[in-house]
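[1] need a structure here:
(one chain, ligands or ions: 1)
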Amino acid sequence: MKPKIAVFDFASCEGCELQIANLEEEILELIDRVDVVSFREVMKEHSDDYDIAFIEGSIERPMDEERIKYIRSKAKILIALGACACTGGVNKLRNKWPVKEVAKEVYGNADIEGNQLFDALPRAKAIDEVVKVDFYIRGCPVRKEQILYYIKRFEGMPPHTNLDIRFGINSRGMEPDTRTPIQYDGNKCILCRRCVATCNDALGVHAIGISEKGNESIIA
Ligand code: SF4
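    Numbering: from 1, shown residues only. Predicted structure coming up:
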């Protein structure tokens with residue numbers, strides 16, 4: 001059975017959702033692999049029956065907190081989509097000032113008192129400050145290839161979270177190239193950072209950084 005996916009937005013510019021809508025020819029592949037049951041930006045239909053929820057945007061209001069908790073209760077896998085969702089993004093800039101001052105700056109003398117649409121939390125929050133996030137797709141906006149990667153990954157696989165991913169180690173076993181005065185050892189790290197990019201951007205694991213890497217490291 002195809003996994004059911006839903007896309008939800010909170011405080012954001014909707015640029016990350018647009019990356020999904022902009023999948024162009026790959027959209028056919030997407031529809032082939034998953035059932036999209038909710039995606040406000042591109043469809044009217046909505047269902048609360050989904051396996052994977054992609055969440056764009058940060059949490060700004062008490063009503064947002066309630067809504068994300070409800071989505072979390074329905075989703076087997078919850079993915080934070082883009083900088084706003086992963087970290088709070090630019091929306092967190094407002095955390096430097098008292099919420100009343102910010103509201104005054106934005107809405108002037110408009111009568112917003114008591115209107116829950118304008119009832120802001122004291123500080124903007126990333127998604128994982130309210131509910132558990134299983135995967136993070138970072139970027140502003142995210143790249144559509146990252147989204148496709150996750151969709152393909154979940155197809156036919158039992159959902160699992162980052163912590164369950166394990167890598168086997170296979171030594172490259174490359175002989176050092178001694179043909180020039182500067183010897184190239186293909187087993188050593190040259191800080192190309194491709195492993196970091198793959199771990200963070202493609203897999204969303206965030207386990208590998210460049211700390212301790214370099215010519216003392218062996219590539220496995
Ligand atoms: Fe827009 Fe960037 Fe936020 Fe995505 S992460 S919704 S592109 S501001």
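[2] I'd like to know how far the residue nearest the centre of the chain sits from the ligand.
    Residue closest to the average C-alpha location in the chain (CA atoms, centre = their mean): Ile137, at 2.4 Å. Look at Ile137 and the ligand: by CB to the nearest ligand atom, to the nearest Å, they are 10 Å apart. The way it works is simple: take the backbone N, C-alpha and C, and place the C-beta from them, glycine included.
[3] and what of Glu65?
    As judged by CB to the nearest ligand atom, Glu65 and the ligand stand 18 Å apart.
[4] State the three-state secondary structure for that residue.
    What DSSP: H, G, I helix; E, B strand; the rest coil gives for Glu65 is helix.
[5] That one contacts Ala120, correct?
    No - the criterion here is CB atoms under 8 Å, and Glu65 misses it with Ala120 at 11.5 Å.
[6] Please list all residues in contact with the residue nearest to the centre of the chain.
    Ile137 is in contact with 79-82, 86, 146-147, 150, 204, counting by CB atoms under 8 Å, 6 or more residues apart in numbering.
[7] one more time with 10 Å, if that's ok
    Ile137 makes contact with 16, 19, 54, 56, 79-83, 85-86, 143, 146-147, 149-150, 200-202, 204, according to CB atoms under 10 Å, 6 or more residues apart in numbering.
[8] What values do phi and psi take at Gly114?
    Gly114 adopts backbone torsions of phi 80, psi -10, taken as degrees, to the nearest 10.
[9] Which of the contacts of Ile137 are buried, as a PyMOL select command?
    With 16 or more other CB atoms under 10 Å as the criterion, this PyMOL line picks the buried residues out of the contacts of Ile137:
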select buried, resi 16+19+54+56+79+80+81+82+83+85+86+146+147+149+150+200+201+204
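[10] Go back to the contacts of Ile137 and keep what's next to the ligand.
    When contact is defined as CB under 6 Å from any ligand atom, those meet the ligand at 16, 56, 82-83.
[11] does the closest residue to Val36 other than its chain neighbours count as helix, strand or coil?
    Of all residues not flanking Val36 in the chain, Ile5 sits nearest, at 5.7 Å (CB to CB, 6 or more residues apart in numbering). Look at Ile5: counting by three-state DSSP, its state is strand.
[12] mind listing which of the contacts of Ile137 are in strands?
    Within the contacts of Ile137, residues falling in strands by DSSP state E are 54, 56, 79-81.
[13] Report the two members of those separated by the largest distance.
    Longest distance between any two of those is 9.8 Å, between Glu56 and Ile79; criterion CB to CB.
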